[in-house]
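S.K.: This is a predicted model, with the sequence first.
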Amino acid sequence: MTRSLFVSLLSALALSGTAHAADGKSLYAANCSRCHGALGNGLPGLAPSLRDAGALGADFYLRTGYMPLDDPQTHPSRTRVLFSEPELRALVRYVASLGNGPPIPHPRWRDANVAAGLTLFTGHCAGCHQIVARGGYVTGARVPALGRATPTQIAEAVRQGPYLLPRFSPKAISDRQLDDLVAYVQYAKHPDDRGGWALGHLGPWPEGMVTWLLAASALVGVCTLLARRVRS
Amino acid sequence: MIRGLVRFVDQRSGGAPFVRKALRYVFPDHWSFLLGEVALYCFMLLVATGVYLTLFFDDSRSATTYHGPYEPLDGATVSRAYASVLHLSFQVKAGLLMRQTHHWAANLFIAAIVLHMLRVFFTGAFRKPRDLIYLLGLGMLFSAFLEGYLGYSLVDDLLSGMGLAIGYSVAMSIPVVGAYLAMLIWGGPFPGSADFWPRMYIAHVLILPLVIATLLALHLTLVAARHHTQFRESPRTTERQVVGVPTFPGQAPRSIGLMLAVFAVLFLLGGLVQINPVWLWGPYHVGDATNGAQPDWYLGWLIGGLRLMPGFDVTIGHYTLIPNPFWGGVAFPLAVLLVLALWPWAERKVAGDDAFHNLLERPRDNPWRTALGAAFVTWVFLIFVSGSGDRIDVWLGIDYVAQVWVYRIAALVLPVAVFFVTRRVCRELVAWEVLRRDMPGS
């Protein structure tokens, strides 16, 4: 309902010309201010202040499609991004100007250490995100799989701590370690599956399915076939 | 030449009458009698692939630094056991094929035993004089649970460690003796002393395989001695005659064909479908955990039991007499084992039936047994399914906490419903048959 309102608002904006579309302030007023307040102070019990979110927070929430949210009480999940690239930039710039928040991080993960990243991921992340970053369930929340998270978004999430995720300061995880962590998550998107069909990297659960639905049922079929042959 | 060889063996063993008898042994025709053979061939393949794996496995948990072809773990501190499994998977010729085939064979072994057992139960094949054969089979099933758990634990990856942590907590939860028992097995507080790994290893590669092999030998000897059961194929079939095909030329080619099919399916899976990729799970260090960790399918009912039991401890003052994991981890499997083990005797007593039975009953012929069995299977199956509630939550979006309550209630209510429905269906089927038989012109 609210989302369709956003969409119609957006199309109205798009029709009225690109000059408006890139105007961060009016985009903010149209899409964010109802919950986060006209000055980004937030509303108690409804939405947090955006004054210290910075470009990092805005970039993360907008590019994952977490925001804007239909209903502020729901737990957001990754959805379609509602804004065009110039609109995103304008909005992020505007939110960043509301306070003294951190800038968008630029992880240098390409020559970082995947092995160190795995150790960090096991210690800090796997308990909720699953060891190959396939997500899962924890009490009260569904933890997203990280297959579609970009390197920048991974770094942003670690520093920002959205929802149940703790916020990791550079003291807890240094920038260099963060690069390693990002390198591991990037690796985990397409890991070494030398064993064959990977079954979604979910472990014994799909393996049991294959045991029963493929192997056991095939062999029951073979049994009926063998028994019938002899009888005829 | 062959004649000469046969004579040589016969003169030194006197085996000819025995072989002649064995070749004339008559096997029943029904396909469900082959399920036990599937399990047998899985076991053979488990031993064969297992022997190959022992050539490369290191049963030590002492720390080492991994340097090998798998770069994402290069320089990581891992146990020798885990490093040897990586070496086996990445460098040994056919190592990964053997390891994956071994694991698939273990999964299928227990699935085949369960199917075989369902056949034996629902057709009354366990009745006197085969109750002992049934007990031996049950012993193999539970030995296989333990054997599989040890294999899962030995590789010392993240899932192994989490599984052992649960096993340790369950052992500790046994009232009064639990702590002593856990210390005895682990040789110290979790993760245990250096002795613990060799202990698991010797149990996995020697003691339990010997136990299973001995039970298997007795099982098959007794089957041969008491002969197979069979269905009543015509109204003329009696308890005292045997109908079917002889070992040769009837059953032997059939059985060899089945063996080749089992090996083919397992090697195909081992070569094409990845199972337990321990390099992706990473090594285990105390305190590590991953979301969505699960045991192999055949221990899913125990995880379900642990999860479903409402959280409470039985305490006397400050002393915890019965910690919670006892119910799901010890009492539940013991209850299942006891019900299954005592069933033949209980049925004989209740039915007042002390006769010999060589003819099987179809499930519908004994509505009470079929209905009680179906209710029992439903009960265990619901608890089994609840063990993967978190996956169902993620997969189908059904809230986990709501699921737990649904399973708790369903585990009490649904078996009763299944009992009445099954009994009714059995009776209707029999009534329908009688009706059809008595209809003129049928």
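M.R.: Now that the structure is in, tell me what you want to look at.

S.K.: so B:Leu382 sits right up against B:Tyr407, yeah?
M.R.: Yes - contact criterion CB atoms under 8 Å: B:Leu382 and B:Tyr407 qualify, at 5.8 Å. In short, each C-beta sits where N, CA and C put it, glycine included.

S.K.: Please enumerate the shared neighbours of these two.
M.R.: In terms of CB atoms under 8 Å, 6 or more residues apart in numbering or on different chains, B:Leu382 and B:Tyr407 are both contacted by the residues B:Gly304.

S.K.: Can you tell me the SS state at the most centrally placed residue in chain A?
M.R.: The geometric centre of chain A, computed from its C-alpha atoms, lies nearest to A:Ala149 (CA atoms, centre = their mean), at 5.1 Å. Recorded secondary structure, A:Ala149: coil (DSSP: H, G, I helix; E, B strand; the rest coil).

S.K.: Quick one, grab the pLDDT at it.
M.R.: A:Ala149 carries a pLDDT value of 96.

S.K.: quick one, phi psi at it?
M.R.: Backbone torsions for A:Ala149, taken as degrees, to the nearest 10, come to phi -80, psi 130.

S.K.: residues in contact with it?
M.R.: Per CB under 8 Å, 6+ apart, neighbours of A:Ala149: A:64, A:157, A:185.

S.K.: With B:Arg24 instead?
M.R.: B:246-247 are the contacts of B:Arg24 under CB under 8 Å, 6+ apart.

S.K.: Could you check the pLDDT of residue 154?
M.R.: No chain in the question, so chain A it is. Looking at A:Ile154, its pLDDT is 97.

S.K.: Can you look at chain B instead?
M.R.: On the pLDDT scale, B:Leu154 is placed at 97.

S.K.: cool, A:Ala19 as well?
M.R.: So A:Ala19 comes in at 45 (pLDDT).

S.K.: contacting residues around A:Gly40?
M.R.: A:28, A:32, A:49-51, A:53, A:95, A:98-99.

S.K.: Out of these, grab the one that's most surrounded.
M.R.: Neighbour counts for the contacts of A:Gly40, by other CB atoms under 10 Å in any protein chain shown, peak at A:Val95, which reaches 28 neighbours.

S.K.: Can you report how many residues neighbour the residue lying closest to it once chain neighbours are set aside?
M.R.: Leaving out its chain neighbours, the residue that sits closest to A:Val95 by CB to CB, 6 or more residues apart in numbering or on different chains is A:Ala58, at 3.8 Å. By the criterion of other CB under 10 Å, A:Ala58 has 28 neighbours.

S.K.: A:Ala58 belongs to a helix?
M.R.: Yes - counting by three-state DSSP, A:Ala58 is found in a helix.

S.K.: wait, isn't it in contact with A:Ser97?
M.R.: No - using CB under 8 Å, A:Ala58 makes no contact with A:Ser97, being 10.2 Å away.

S.K.: can you tell me the helix or strand for A:Ala155?
M.R.: Per DSSP states H and E, A:Ala155 falls inside helix A:151-160.

S.K.: hmm, I was thinking of B:His103
M.R.: Counting by DSSP H and E, B:His103 is part of helix B:95-122.

S.K.: So is that helix next to chain A?
M.R.: Yes - against chain A, helix B:95-122 shows contacts by CB under 8 Å from any CB of the partner chain at B:96, B:100, B:103-104, B:107-108, B:111-112, B:115.

S.K.: Likewise for stretch B:280-290?
M.R.: Yes - judged by CB under 8 Å from any CB, stretch B:280-290 and chain A are in contact via B:280-282, B:285, B:288-290.

S.K.: Export the residues you listed as CSV, with columns for secondary structure.
M.R.: As requested, the residues of stretch B:280-290 next to chain A are exported to CSV (three-state DSSP):
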residue, secondary structure
B:Leu280, helix
B:Trp281, helix
B:Gly282, coil
B:His285, coil
B:Asp288, coil
B:Ala289, coil
B:Thr290, coil
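
S.K.: now, the most widely separated pair of those residues?
M.R.: Based on CB to CB, the longest span within those runs between B:Leu280 and B:His285 and measures 16.4 Å.

S.K.: on that earlier part again, please identify which of the contacts of A:Ala149 is nearest to chain B.
M.R.: Taking CB to the nearest CB as the measure, chain B lies nearest A:Val185 of these, at 11.7 Å.

S.K.: and the angle from the strand or helix carrying the closest one to helix A:151-160?
M.R.: Element membership of A:Val185, judged by DSSP H and E, is helix A:175-189. Here helix A:175-189 points in a direction 130 degrees away from that of helix A:151-160 (axes from the mean of the first three to the mean of the last three CA atoms, to 10 degrees).

S.K.: what about helix A:175-189, average pLDDT?
M.R.: Mean pLDDT, computed over helix A:175-189, is 97.

S.K.: buried ones in that helix?
M.R.: Across helix A:175-189, burial judged by 16 or more other CB atoms under 10 Å in any protein chain shown covers A:177-188.

S.K.: what's the nearest residue to B:Ile322 if we skip its chain neighbours?
M.R.: Closest to B:Ile322 by CB to CB, 6+ apart is B:Val314, at 3.8 Å.

S.K.: ok, so what distance separates the one you found from A:Asp193?
M.R.: 47 Å (CB to CB, to the nearest Å).

S.K.: same question, A:Asp23
M.R.: For A:Asp23, the distance to A:Asp193 - CB to CB - is 47 Å.

S.K.: Check B:Arg436 too.
M.R.: Applying CB to CB, the value for B:Arg436 to A:Asp193 is 55 Å.

S.K.: Same question for B:Val406.
M.R.: 35 Å.

S.K.: again, but for B:Arg226
M.R.: Applying CB to CB, the value for B:Arg226 to A:Asp193 is 49 Å.

S.K.: Same question for B:Val47.
M.R.: On the measure of CB to CB, B:Val47 and A:Asp193 end up 28 Å apart.

S.K.: Next: B:Ala264.
M.R.: For B:Ala264, the distance to A:Asp193 - CB to CB - is 23 Å.

S.K.: lowest-confidence helix or strand of chain A?
M.R.: The least trusted helix or strand in chain A, going by mean pLDDT, DSSP states H and E, turns out to be helix A:18-21, with a mean of 45.

S.K.: what domains does the record give for the chain?
M.R.: In the absence of a named chain, chain A is used. A:2-96, A:114-189, A:205-231 (automatic domain parsing).

S.K.: sorry, should have said chain B
M.R.: Listed domain ranges for chain B are B:2-234+B:241-292, B:362-442 (source: automatic domain parsing).
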